[in-house]
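Asks: sequence? don't have it. structure:
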């Protein structure tokens, strides 16, 4: 079983593509399943470069309905259809994502040849899945914008057969009962699960908060995350522009990461005006050292605790 989640930064720019950075799109690869946060233009080409494939179980989570985050959807869906995708695709987004998809069908005369299940989410709604939950909150932007978290459920703690044997529990059905969290009786003596099983092991938590000012809502969603991907493409000398456009500076994103006690911060939505990543990195690391400014197609592997 894979020991973690791969984060593939397909597009790390914002608003305008540059020679170095494509428009927003980040993929998560988890146990054969693919998640895609946003879908800027050219996302399907980046997916080809990354070798992600187009016919696996997949969920797309759109943050908001600005063009740089959704104009890659038509091309991606057409590419998948051309490659004869046959698996359903789940598409999540704020109110209006259904109308957007309908408009593509009307104007392009195109419908995917595989099922596309569309779910409109309000900030705060959650989607429960087997092994993880998708959580949302409100990002602070000039239109409705969702921040997302993929939160794995805790895994059972490790069972210690040698401890069970020392307590006189014979191998077989009684071990299974202990692993299911039930007490067992051995010659009139009660043996409890906590005597032979370690505490549950936490899964991974990954948060995506783009096109947002620093906010308490995002901070709460990100609490304790293994990775926070936060809007942070402006240097401090352009803080006024960041505020005007409802974005964040690198240092502001770092303050969110520090307050939320995350393990790692990745700055995304890098402004086309920002030509020197080292400035963003220096300003963010002055507040939160575990910061990176990913390039397109960087793969970051997150490991679960053992």
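Replies: Arrived safely, thanks for sending. Fair warning: this is a prediction, and the values are worked out from it, not measured in the lab. Numbers count the residues shown, from 1 in each chain.
Asks: Low-confidence stretches in the protein?
Replies: Applying pLDDT under 70 to the chain picks out residues 1-2.
Asks: Residue ranges of each domain in it, please.
Replies: 4-153+203-303, 161-195 (automatic domain parsing).
Asks: Tell me who's in contact with residue 69.
Replies: Contacts for residue 69 were tallied using CB atoms under 8 Å, 6 or more residues apart in numbering; they are 23-24, 38-40, 62-63, 210-211. Heads up, the C-betas are built off the backbone N, CA and C, glycines and all.
Asks: if we can go back for a sec, buried deepest among the domains of the chain, which one?
Replies: domain 4-153+203-303 (a mean of 19; mean count of other CB atoms under 10 Å).
Asks: end-to-end on it?
Replies: End-to-end distance for domain 4-153+203-303, by CA to CA, to the nearest Å: 4 Å.
Asks: And the helices in this protein, which stretches?
Replies: Shown for the chain, the helices assigned by DSSP state H span residues 43-50, 67-70, 73-82, 97-108, 161-166, 173-179, 216-222, 239-244, 250-260, 277-285.
Asks: returning to what we had before: turn the contacts of residue 69 into CSV, columns for distance to residue 84.
Replies: Below are the contacts of residue 69 laid out as CSV (distance: CB to CB, whole Å):
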residue, distance to residue 84
23, 27
24, 28
38, 25
39, 20
40, 25
62, 24
63, 29
210, 32
211, 34
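Asks: Isn't residue 205 up against residue 152?
Replies: Yes. At 7.0 Å, residue 205 counts as touching residue 152 under the criterion of CB atoms under 8 Å.
Asks: quick one on the thing from earlier: and which of the contacts of residue 69 is nearest to residue 104?
Replies: Ranked by distance to residue 104 (CB to CB), the contacts of residue 69 are led by residue 39 at 12.2 Å.
Asks: Provide a list of residues in contact with the residue nearest to that closest one when sequence neighbours are not counted.
Replies: Nearest non-adjacent residue to residue 39, counting by CB to CB, 6 or more residues apart in numbering: residue 72, 4.0 Å away. Under the criterion of CB under 8 Å, 6+ apart, the contact list for residue 72 reads 23, 25, 39-44.
Asks: Quick check: residue 72 vs residue 104, distance?
Replies: The gap separating residue 72 from residue 104 is 12 Å, by CB to CB, to the nearest Å.
Asks: Tell me who's in contact with the closest residue to residue 93 other than its chain neighbours.
Replies: Spatial nearest neighbour of residue 93, excluding adjacent residues (CB to CB, 6+ apart): residue 62 at 3.5 Å. With contact set as CB under 8 Å, 6+ apart, residue 62 has these partners: 38-39, 69-70, 73, 91-94, 97, 146.
Asks: Could you check how far residue 62 is from residue 225?
Replies: 20 Å.
Asks: cool, and residue 112?
Replies: 33 Å.
Asks: quick one: which two of the contacts of residue 72 are the most distant?
Replies: Greatest spatial distance in these: 23 and 44, 12.2 Å, computed using CB to CB.
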